[in-house]
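[1] build the 3D model from these lines:
(one chain, ligands or ions: 1)
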Amino acid sequence: MKFFLDTADLNEIEEAASWGAIAGVTTNPTLYSRIGGKLSDFHNHIKRICDIVDGPVSAESVAMTRDEIVRDGLQLAEIADNVVVKVPTMVEGLAATKELAKHGVPVNMTLCFSVPQAVLAARAGARYISPFIGRFDDISEDGLEQVANIVTAINNYDFTSSTVNGEQVEIIAASVRSANHVTQCALMGADIATVPFGVLKKMVQHPLTDRGLDSFMKDWEKVQNA
Ligand SMILES: O=C(CO)[C@@H](O)[C@H](O)[C@H](O)[C@H](O)COP(=O)(O)O
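    Coordinates of the predicted model:
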């Protein structure tokens, strides 16, 4: 399983990259607005992220029609070799994904909430598919179960004939809110979990690690004073 960082914050990306923990970054319009991002600086900002991270960096198109998404996507793909264009799972998005894949541009189909949406995304040539966990939990449904169904359905088939360079489509579990979400995603075989920095920090922690470390340090002090 790989981890992407779900943020547009350069400090968080630099810190997490220094831990050797992340294989990529995902951003979205909300995350960019959260850091006070400006439209005029968007492409430069994505470039800065691409310079820090040695792996795919998802940048979202906010266009709504096929042609606009394709135009937007081709421009985003020009920013750096590791840009992945994020496209919403909708009819225009599927058509744009097919077109972008033909141009050799990898697409991450986002806002995916069902097995049929995921299979359609894979057929259209998406390189990544992002089902959301937390948003289901927000409406009192089981987000983990939905993502597990999508992982199973996608793994039932070979979609390599549709993707750029015949690469295998990968599932990015998104809207991850807790370390337990990560545990369950790993057990169900999700390829990637994209996690906010706060969740990444919690993933490192365990109270028994802290307790064990504390007792080792105390015993080592005894050794020094013996
Ligand atoms: O779609 C992807 C990754 O491909 C993510 O960036 C996705 O937009 C985010 O995980 C979600 O928007 C965050 O969701 P939430 O925790 O705010 O509900």
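[2] can you get me a residue count around Trp220?
    When neighbours are counted by other C-beta atoms under 10 Å, Trp220 registers 10. (Glycine included, C-beta is placed from N, CA and C.)
[3] wait, a helix at it?
    Yes: counting by DSSP: H, G, I helix; E, B strand; the rest coil, Trp220 falls inside a helix.
[4] close to the ligand, is stretch 197-214?
    No: figure legend: stretch 197-214 not in contact with the ligand (C-beta under 6 Å from any ligand atom); closest approach 9.3 Å.
[5] what sits up against that stretch?
    3, 5, 7, 9, 12, 15-16, 21-22, 176-179, 181-182, 195 (C-beta atoms under 8 Å, 6 or more residues apart in numbering).
[6] out of those, which touch the ligand?
    Arg177.
[7] in the chain, which spans are helices?
    10-18, 29-34, 42-52, 66-79, 91-102, 115-124, 134-138, 143-155, 179-188, 197-204, 207-225 (DSSP state H).
[8] can I get those helices in a markdown table with mean pLDDT?
    Below are the helices of the chain laid out as a markdown table (pLDDT from 0 to 100):
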| stretch | mean pLDDT |
| --- | --- |
| helix 10-18 | 97 |
| helix 29-34 | 97 |
| helix 42-52 | 98 |
| helix 66-79 | 98 |
| helix 91-102 | 97 |
| helix 115-124 | 97 |
| helix 134-138 | 94 |
| helix 143-155 | 97 |
| helix 179-188 | 98 |
| helix 197-204 | 98 |
| helix 207-225 | 96 |
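[9] can you lay out the ones you listed as a markdown table showing distance to Glu60?
    Putting these into a markdown table (distance: least, C-beta to C-beta, whole Å) gives the following:
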| stretch | distance to Glu60 |
| --- | --- |
| helix 10-18 | 16 |
| helix 29-34 | 6 |
| helix 42-52 | 10 |
| helix 66-79 | 9 |
| helix 91-102 | 11 |
| helix 115-124 | 15 |
| helix 134-138 | 16 |
| helix 143-155 | 20 |
| helix 179-188 | 21 |
| helix 197-204 | 19 |
| helix 207-225 | 36 |
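[10] now, of the contacts of stretch 197-214, which are buried?
    3, 5, 7, 9, 12, 15-16, 22, 176-179, 181-182, 195 (16 or more other C-beta atoms under 10 Å).
[11] closest to the ligand out of these?
    Of all the buried ones among the contacts of stretch 197-214, Arg177 has the smallest distance to the ligand: 5.8 Å, by C-beta to the nearest ligand atom.
[12] now the phi/psi pair for the nearest residue to Cys50 once chain neighbours are set aside, please.
    Setting aside the residues directly before and after it, Cys50 is nearest to Ala80 in space (C-beta to C-beta, 6 or more residues apart in numbering), at 3.7 Å. Per-residue torsions, Ala80: phi -160, psi 160 (degrees, to the nearest 10).
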